[in-house]
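Asks: no sequence on this one, just coordinates:
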């Protein structure tokens, strides 16, 4: 039986690590590693190093994509599902039972932006019901300590930390265990939670090392990986190595005899792999054993199981897993690959739970829910919330619509833009795209339009989680407000911009222009002198200063 052709032509498997070997183009290829099981490849060590070194900069600089799983729309969908889940728990609880806070644990929370949007929406749902926000406890987790420090000091999180609604813990999905909460000082250990644990894992399982197999006609091979680069690896940092790695696959047959050594010690993993050997005719299979073990460990923290919500590029349909070639790693600072969500749904069902999956195909992300709780079929409100906020029109559909609209921004009217902002729950990412068009239209705003635009800008900023990205949203909002002669608000946003990004001669000049528009010429002059102190050749600032000094005199 012929095996698939490897992605990169192989050198001798006996090549020493770090050695160089000739190529047909006379360049050298440096061997990074040879014939390692995919899940233990150096790829994943480099990935850990990358995140530890970059911290929140990976998201701030846009190296790691995160918008599609960190926007207000997906946060709203999850908040609605979790809120409905708590309502189901309250309805199904025995009389006189304890009403413990529902713990929500986000794995690999990265920038923290999703958590902020989720908590804001959850507060809104609580305000419109008889449920106190303290009925929930959100726990941010990550393996990178620098991310935990960033969350702990972020201004947007301080009100939630002070009220006891937000905590954080270091958590490694590859070595799962108890959650040592850093704010409260308590530990969530095995069996300590009376209520089910809610687990959120967005863009997580695509970067946890999976096992990789090739299955054909009930036979199986374990995929081994060799790595190489075209330049000396010692001269490259983790991000550069990940970007330049060339991957070659080899195959080691798995014995099918009854007395053969199984691939896994856990019988449930071995049985699940056997299901795939019988079901897939000819395919490479990403088998997320580490991710499944992680959920198994987290389930042990609660006496009542888990609700898992996860979004990623992946597939939950068995028939779509057949006929797959060896995976190609997606490079974006770190690396990632498509998630086998079908394995997660099978784990859930084998434990007596219920998998919530989209009824139709998805384009960008698969959003999956796993009700791994006793009597999962009785959680009717949870299922309805999933159907309404994921199946009918959810995060994947919204991303598709917003991406389609991007091509039509130059033709949009103000009403079009305001409608899209409302649809997006006042998404700052979308506003940033729409601001140039709004500036083009600003001269023709009447008073009602000015009011509607100003109100939309305030709502966007109210749910904005600053990371210090290159795009200065506060400055862009301020420029639009200045263009419609709203000098007080423009001044406030220019000052906010300076608080986030520090002094800048352009921002100082704009602040001076706002003061001048408000008739405060002395204050304008003071700002302009600062501009000229930093930039003595700034002629527009010198001319405006002369005007202000003359007016003040």
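Replies: Arrived safely, thanks for sending. The shown structure was predicted, so the numbers you read here are calculated from the model rather than taken from an experiment.
Asks: could you chop this structure up by domain?
Replies: What automatic domain parsing lists as the domains of the chain is 67-207+294-392, 400-552.
Asks: make CSV out of these and add mean pLDDT.
Replies: CSV is the format used below for the domains of the chain (pLDDT from 0 to 100):
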stretch, mean pLDDT
domain 67-207+294-392, 93
domain 400-552, 93
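Asks: okay, the ones you listed, which one's buried deepest?
Replies: domain 67-207+294-392 (a mean of 19; mean count of other Cβ atoms under 10 Å). Every C-beta, even on glycine, is put in place using the N, C-alpha and C of the backbone.
Asks: compute the first-to-last residue distance for it.
Replies: Taking Cα to Cα, to the nearest Å, the span from the opening residue of domain 67-207+294-392 to its closing residue is 21 Å.
Asks: how far away from the center of its chain is it?
Replies: 12 Å (Cα atoms, centre = their mean, to the nearest Å).
Asks: hang on, the earlier thing: would you list the domains of the chain in JSON lines and tack on distance to residue 59?
Replies: Rendered in JSON lines, the data for the domains of the chain read as follows (distance: least, Cβ to Cβ, whole Å):
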{"stretch": "domain 67-207+294-392", "distance to residue 59": "4"}
{"stretch": "domain 400-552", "distance to residue 59": "6"}
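Asks: quick one: closest of these to residue 234.
Replies: Residue 234 sits nearest to domain 67-207+294-392 of all the domains of the chain, at 20.2 Å, using Cβ to Cβ.
Asks: thinking residue 391 is in contact with residue 359, fair?
Replies: Yes: under the criterion of Cβ atoms under 8 Å, residue 391 lies in contact with residue 359, with a separation of 5.3 Å.
Asks: so which other helices or strands are in contact with the longest helix along the chain?
Replies: Within the chain, and with DSSP state H defining each element, the longest helix by residue count is helix 72-92. In terms of contacts (3 or more Cβ pairs under 8 Å, 6 or more residues apart in numbering; DSSP states H and E), helix 72-92 is packed against strand 102-106, helix 113-127, strand 197-202, strand 306-312, strand 366-372, helix 380-386, helix 395-406.
Asks: report the angle between the fifth one and helix 395-406.
Replies: Going back to what we said before, that points to strand 366-372. Counting by axes from the mean of the first three to the mean of the last three Cα atoms, to 10 degrees, strand 366-372 lies at 160 degrees to helix 395-406.
Asks: what does strand 366-372 contact?
Replies: With contacts defined as Cβ atoms under 8 Å, 6 or more residues apart in numbering, strand 366-372 is touched by 74, 77, 81, 295, 299, 305-316, 339, 341, 344-345, 347-348, 351, 353-358, 379, 382-383, 386, 390, 394-396.
Asks: partner strands of it, with direction?
Replies: The strands beside strand 366-372 in its sheet (DSSP bridges) come out as strand 306-312 (antiparallel), strand 354-356 (antiparallel).
Asks: CSV for these, including distance to residue 85?
Replies: Written out in CSV, the entries for these read as follows (distance: least, Cβ to Cβ, whole Å):
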stretch, distance to residue 85
strand 306-312, 5
strand 354-356, 11
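Asks: for residue 194, which of those is the nearest?
Replies: Ranking these by distance to residue 194, with Cβ to Cβ as the measure, places strand 306-312 first at 13.8 Å.
Asks: residue 35: what's it in contact with?
Replies: Applying Cβ under 8 Å, 6+ apart as the definition, the contact partners of residue 35 turn out to be 13, 224-226, 250.
Asks: how about those residues, which pair is most distant?
Replies: Across the contacts of residue 35, no pair lies farther apart than 13 and 225, at 11.5 Å, counting by Cβ to Cβ.
Asks: between these two, point out the one with more neighbours.
Replies: Under the criterion of other Cβ atoms under 10 Å, the comparison of residue 13 against residue 225 puts residue 225 first, with 24 against 12.
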